[in-house]
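Engineer: would you be able to build a 3D model of this:
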Amino acid sequence: MLLATVAGLIVAIWTFGATGFAEIAVAARRIGLGGFLLFCSWSLGTFVLLGAAWLAAAPGEQNARIGRFTWARMVREAVSDLLPFSQLGGMVVAARSLSVTGISTPRIYGSLVVDLTTEMAAQLVYTLFGLALMASLLIGDGAAASLRPAILGGTAVMIGIILFFFVAQRSALDLTGRIGERFIPGSQGALGDVRAELARIYTQRSRVAAAFGFNLTAWVASGMGGWLALRLMGVPISLWAVLSLESLIFTLRSVAFFIPGALGVQEVAYALAAPLFGLPPESALALSLAKRARDVAIGLPTLLCWQFVEVRNIAARAR
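Structural biologist: Just a heads-up that it's a prediction; the model follows:
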């Protein structure tokens, strides 16, 4: 994982350098401080949607707890984007951040599995929507053919991951329980509680549908955030083109889930795909740079607050 992270960072730096650091910096500066704060505020609103999706997947929790679930989603993204962990590490820390609020462990992990399932299903719908837009926007464009293998391959891999995750989630819990019982006596019973909670959540189809709806709205809102950033930079581009482009970027990032923050993958994808939509490479990489800066501006304070809470809880248990 560390080697993949370093390799991704090298690719990202090379991509910026090949396009020209000066041009990218000029494009990024056009967003301005006020524009950057607006961009960050839009992203915080998207986190509320993601928190609502996780809350919807946790029947029995009051709507007033949306702040806690939103915070857990922010911690998850901060850990995944800024620390040398994969997406799995972010999920574990997010679950941990909820556990200290008094929510039962089976409900946390059961709802996490359902939230992940609906999140990936929503991403698939958004990706297919983006591909349809791309087909209508780029029909007859021979340059688009060069990206066809990456687009179709990435979509196929994502579909495979979703199907495997949905079909194998219960079997994976059973296997984890059998392995864990050999090392930690009693863990089989704890995972049995998670399986029971997972089955209970899936019987409440309206809550699962609500989780899917919130996640789909969050995916679209994330794509619109890219359009907002480009408009703040003064780049004239249609919303539909950006939604299609962002769906492709999100798909490629998801396939590279083992690389923390998809370092390198995001930058190369922007550099290759953006010109197809009439977006200059330097503007596309400036957008990527703005996203990285936003991740730091939101993620770093989130990590510091998370560490403060962890230290406070450890000190409280030590008394």
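Engineer: ok, residue 47 touching residue 70?
Structural biologist: Yes. Counting by Cβ atoms under 8 Å, residue 47 touches residue 70, with 5.4 Å between them. (Each C-beta comes from the backbone N, C-alpha and C, glycine too.)
Engineer: what touches both of these two?
Structural biologist: Contact with both residue 47 and residue 70 is made by no residue, according to Cβ atoms under 8 Å, 6 or more residues apart in numbering.
Engineer: so where is the stretch 1-150 of the chain shaky, pLDDT-wise?
Structural biologist: Counting by pLDDT under 70, the stretch 1-150 of the chain contains low-confidence residues at 1-28, 84-87, 135-150.
Engineer: repeat the analysis, applying 50 as the threshold.
Structural biologist: Using pLDDT under 50 as the threshold, the predicted model of the stretch 1-150 of the chain has low-confidence ranges 1-2, 4-5, 8, 11-12, 19, 143.
Engineer: can you map out the strands along it?
Structural biologist: For the stretch 1-150 of the chain, no strands turn up when DSSP state E, counting those that start in this stretch is the criterion.
Engineer: what about the helices in it?
Structural biologist: Per DSSP state H, counting those that start in this stretch, the stretch 1-150 of the chain carries helices over the ranges 2-19, 21-29, 32-56, 66-82, 87-99, 105-138, 148-183.
Engineer: may I ask you to name the longest helix in the chain?
Structural biologist: The helix spanning the most residues in the chain, taking DSSP state H as the definition, is helix 281-318.
Engineer: what helices or strands is that helix leaning on?
Structural biologist: Applying 3 or more Cβ pairs under 8 Å, 6 or more residues apart in numbering; DSSP states H and E, one finds that helix 281-318 contacts helix 2-19, helix 21-29, helix 32-56, helix 66-82, helix 87-99, helix 205-232, helix 265-273.
Engineer: at 10 Å instead, please
Structural biologist: Helix 281-318 makes packing contacts with helix 2-19, helix 21-29, helix 32-56, helix 66-82, helix 87-99, helix 205-232, helix 239-255, helix 265-273 when contacts are defined by 3 or more Cβ pairs under 10 Å, 6 or more residues apart in numbering; DSSP states H and E.
Engineer: list the buried residues in it.
Structural biologist: Of the residues in helix 281-318, those with enough neighbours to count as buried (16 or more other Cβ atoms under 10 Å) are 281-292, 294-295, 298-299, 302-303, 306.
Engineer: pLDDT score for the closest residue in space to residue 248 that isn't next to it in sequence?
Structural biologist: By the measure of Cβ to Cβ, 6 or more residues apart in numbering, the closest residue to residue 248 outside its immediate chain neighbours is residue 273, 5.5 Å from it. The predicted structure scores residue 273 at 76 on the pLDDT scale.
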